[in-house]
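S.K.: 3D model of this:
(chains A, B, C and D)
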There are 2 protein chains.
Amino acid sequence: MAQQQRAANTREAIVTGAATAFQAHGYGMTSLAEIAEASGVTKGALYFHFDSKEAIALAVIDAQHAAAGTIGVALHESGTTGIAATLTASFAFARQLRENPIARAGIRLTLEASSFQTPVVGPYLDWIAWIEGYLVEAAAAGDLREEVNPSTLAHLIIPAFTGVQMVSEVLTHRDDIYQRVEELWLLLLPGTVPPDRWEQIRELLARIRREVSEQP
Amino acid sequence: MAQQQRAANTREAIVTGAATAFQAHGYGMTSLAEIAEASGVTKGALYFHFDSKEAIALAVIDAQHAAAGTIGVALHESGTTGIAATLTASFAFARQLRENPIARAGIRLTLEASSFQTPVVGPYLDWIAWIEGYLVEAAAAGDLREEVNPSTLAHLIIPAFTGVQMVSEVLTHRDDIYQRVEELWLLLLPGTVPPDRWEQIRELLARIRREVSEQP
DNA sequence: TGACAAAAATACCGTCTGGTATCTTTTACG
DNA sequence: CGTAAAAGATACCAGACGGTATTTTTGTCA
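M.R.: Numbering: from 1, shown residues only, chains lettered A, B, ... in the order given. Next comes the predicted model:
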């Protein structure tokens, strides 16, 4: 194992460049030539690091999955749990989608990758399980209405959130995404949280939204 | 204008065949050869009826848009309005997406077409405006909480619904779609409808869902 | 510094792509 | 029925595609 650093840099440049291209045109309409140009490398480097175009796309999906994972780690380290973790995660995720090409490409590719040789469903299942974990905590803290099932709710939140993201991208290039996410939560609140917690969680929501949109 | 019937048939076959191909592989990963084969015509016929691959995709989107429009017409003719129209439309739409390749292709292409030469945003805006109309009726009938803005709600329902559709396609090929749509409404109900209407609308929801899944 | 492997650039390949040009069949209508 | 236009099939094209083979550069360490 001689030098790894340069190779690691190149690999990262490829993933980032590929993400930029995929995010703009989708998998099928992006050529290896575009990826090479966006990455600032040649096709030779592409095929030194990856076996195929599909492998590059899977690497981008992996990178987004890893980036999303850091949100969970940060929440864990700050001791955030339950409803607060759910809300914070959703805004942090939205922020990644606004600012990180890898995140944008990842969510687009994950939708398109259902027609890959090996369909990709892992990320959705992981995100659903992840949110479900927070919701179980929320239920234990009395922040969830009794008739609400954490698994069912998680199976709805992830798709609804995904759709809000995608349509916001199409209509406004995600300019309105924080507003839409906040509105989605406000709308879901009465159906998911006991009335005596509404006021408190509405304040929490407003604070999280303020923080995410003010962050540098 | 000599004969139109044969040409109209061929055109329809192309749109249907193209939809089948697009729905399975997306725009970029579908070739004209596949479309021709799925349609049972040759490339010559393709280019007699359409100027380009993109024009075919736009025709598929148009066809889906038209099919969705028939839902609105049927509701109008049966005098259904307000909340009942909103709920019925959502299940009818889900049904089209389960059973009609054109609908499935349309929703997929509408998402991908944001990177077309001429980005397509019309369908989303139309659907939002359409649902908003029903919600205004609902508000007039006292079926909407006062603090809920029909436009805001419509801007959330369409994306959330779209996301539920797409993720259900990826995870279960839409096997669970009626259940997910019903759960989505049950979750949104407390935040959107006054408490004194809950029971009534829950029954309505159950009936509509039963009808749609029993329909031949 | 020389040798050697890792990393990446260059050059190349067969195939398939979207698209066009041309020829053949079908059908309406005088 | 003949014929002209409409509809569609066949044949073809230049270029781009994903992918490979080969060569050059870069860095490491004896």
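S.K.: how much space between the residue nearest the centre of chain A and DNA strand C?
M.R.: The centroid of chain A falls nearest to residue A:93 when counting by Cα atoms, centre = their mean (4.8 Å). The spacing between residue A:93 and DNA strand C, counted by Cβ to the nearest atom of the strand, to the nearest Å, is 31 Å. Every C-beta, even on glycine, is put in place using the N, C-alpha and C of the backbone.
S.K.: Surely that residue is in contact with residue A:72?
M.R.: No. Assessed by Cβ atoms under 8 Å, residue A:93 is found out of contact with residue A:72, at 10.3 Å.
S.K.: Check which residues of stretch A:90-102 are buried.
M.R.: Neighbour counts over stretch A:90-102 (16 or more other Cβ atoms under 10 Å in any protein chain shown) mark A:90-98, A:100-102 as buried.
S.K.: Please narrow the residues you listed to those residing in helices.
M.R.: Under the assignment DSSP state H, the buried residues of stretch A:90-102 contribute A:90-98, A:101-102 to helices.
S.K.: would you turn those residues into CSV with distance to residue A:187 and pLDDT?
M.R.: Listed next are these as CSV, based on distance: Cβ to Cβ, whole Å; pLDDT from 0 to 100:
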residue, distance to residue A:187, pLDDT
A:90, 13, 98
A:91, 16, 98
A:92, 20, 97
A:93, 18, 97
A:94, 16, 97
A:95, 21, 97
A:96, 23, 97
A:97, 20, 96
A:98, 21, 95
A:101, 30, 97
A:102, 30, 98
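S.K.: would you list those in a markdown table and tack on distance to residue B:155?
M.R.: Shown next, in a markdown table, are these (distance: Cβ to Cβ, whole Å):
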| residue | distance to residue B:155 |
| --- | --- |
| A:90 | 17 |
| A:91 | 18 |
| A:92 | 22 |
| A:93 | 20 |
| A:94 | 16 |
| A:95 | 20 |
| A:96 | 22 |
| A:97 | 18 |
| A:98 | 18 |
| A:101 | 26 |
| A:102 | 27 |
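S.K.: Let me see the confidence value for residue A:188.
M.R.: Here the pLDDT value assigned to residue A:188 is 96.
S.K.: could you say which helix or strand contains it?
M.R.: Element membership for residue A:188 (DSSP states H and E) is helix A:177-192.
S.K.: does any part of that helix sit near chain B?
M.R.: Yes. Counting by Cβ under 8 Å from any Cβ of the partner chain, chain B is contacted by helix A:177-192 at A:180, A:183-184, A:186-192.
S.K.: same deal with stretch A:21-36?
M.R.: Yes. Shown here: stretch A:21-36 in contact with chain B (Cβ under 8 Å from any Cβ) through A:24-30.
S.K.: can you put those in TSV and add pLDDT, distance to DNA strand D and secondary structure?
M.R.: Below are the residues of stretch A:21-36 next to chain B laid out as TSV (pLDDT from 0 to 100; distance: Cβ to the nearest atom of the strand, whole Å; DSSP: H, G, I helix; E, B strand; the rest coil):
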residue	pLDDT	distance to DNA strand D	secondary structure
A:24	95	13	helix
A:25	96	10	helix
A:26	96	11	coil
A:27	97	9	coil
A:28	96	8	coil
A:29	96	9	coil
A:30	97	7	coil
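S.K.: Give me the contact list for the longest helix belonging to chain A.
M.R.: For chain A, the longest helix by residue count, based on DSSP H, is helix A:53-77. Helix A:53-77 has contacts (Cβ atoms under 8 Å, 6 or more residues apart in numbering or on different chains) with A:14-15, A:18-19, A:22, A:27, A:32, A:35, A:46, A:50, A:81, A:85, A:88-89, A:92-93, A:96, A:100, A:102-103, A:105-107, A:109-110, A:113, A:116-117, A:120, A:122-123, A:126-127, A:130.
S.K.: Is residue A:51 part of a helix or strand, or is it coil?
M.R.: coil (DSSP: H, G, I helix; E, B strand; the rest coil).
S.K.: Need the pLDDT of it.
M.R.: We have a pLDDT of 96 for residue A:51.
S.K.: how many neighbours does it have?
M.R.: If you count neighbours by other Cβ atoms under 10 Å in any protein chain shown, residue A:51 ends up with 9.
S.K.: Quickly note the distance from it to residue B:75.
M.R.: Distance, residue A:51 to residue B:75, by Cβ to Cβ, to the nearest Å: 52 Å.
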